[in-house]
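Asks: Got a predicted structure here, sequence first:
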Amino acid sequence: MTGIILAGGKSSRMGFNKAFIEVNGVRIIERTVNLFKEIFNEVMIITNTPLEYEEFDVRTATDLIRGAGALGGIYTGIFHAASSRVFAAACDMPFLDKDTITKMLNMLMEGNGIVPFVDSRLHPLHAIYSRNCLKHMENAIKSGDLRITNLIKKLHIKTVEDIFAAEPASLSIRNINTIQELNALGVTIPA
């Protein structure tokens, strides 16, 4: 399976690239790349600024369809992946947990993917998608519907909730969106 890290966001709420935020002295992107190298046969960063990620010695790919947000990033990752399934995560998830991801990978893949359903909502940026999703994703992008949750509801994608009931799994799906969340973690903002 291929692990894809979505690093194409504009970080408009933060004003800087969230991938390079340090948590406990380690940049989030660095931790995620290292974790993914332990888990996956192939690791890929989906970014429109590939030079920023040269040091990580993993494959990069730029969006096949610009302006399509996270959905476009997942689409690009699936398109370029050597495997028929990908695990997709955002670059701003400091608490990704190896055991939680492994549990998801070991679940029976009956449909087009597996996505966490926690606190009454889907978490599509900590999920497994199959190559069968490509055409559906392309159609959604062409129609202008970039909400991944809308697409998930149309596809045969399994939702999972029970494994996310407690830490560290409940933290694995968490990302950082605001300065307040950064301050609560006591993290270092990139220069």
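Replies: Received the coordinates, thanks.
Asks: Tell me where the chain is predicted with low confidence.
Replies: Within the chain, the set of residues satisfying pLDDT under 70 comprises 9-15, 108-109, 185-191.
Asks: ranges for the helices of it?
Replies: For the chain, the helices defined by DSSP state H cover 28-39, 69-80, 98-105, 134-143, 148-154, 169-172, 179-185.
Asks: any chance of those in TSV, plus mean neighbour count and distance to residue 21?
Replies: For glycine as for every other residue, the C-beta is placed from the backbone atoms N, C-alpha and C. As requested, those are arranged in TSV below (neighbours: other C-beta atoms under 10 Å; distance: least, C-beta to C-beta, whole Å):
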stretch	mean neighbour count	distance to residue 21
helix 28-39	18	5
helix 69-80	22	18
helix 98-105	16	20
helix 134-143	15	28
helix 148-154	16	23
helix 169-172	20	15
helix 179-185	13	7
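Asks: Reformat those as a markdown table; add distance to residue 126.
Replies: Listed next are the helices of the chain as a markdown table, based on distance: least, C-beta to C-beta, whole Å:
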| stretch | distance to residue 126 |
| --- | --- |
| helix 28-39 | 11 |
| helix 69-80 | 12 |
| helix 98-105 | 8 |
| helix 134-143 | 17 |
| helix 148-154 | 11 |
| helix 169-172 | 6 |
| helix 179-185 | 16 |
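Asks: List just the one of the ones you listed that sits closest to residue 113.
Replies: The minimum distance between residue 113 and those falls on helix 148-154, with 7.6 Å, by C-beta to C-beta.
Asks: Name the residues that touch that closest one?
Replies: With contact meaning C-beta atoms under 8 Å, 6 or more residues apart in numbering, helix 148-154 is reached by 70-71, 74, 113, 115, 121-122, 124-125, 133, 136-137, 140, 145.
Asks: Recalculate using a threshold of 10 Å.
Replies: Applying C-beta atoms under 10 Å, 6 or more residues apart in numbering, the contact partners of helix 148-154 are 69-71, 73-74, 88, 112-113, 115, 117, 121-125, 127, 129, 133, 136-137, 139-141, 145, 147, 157, 159.
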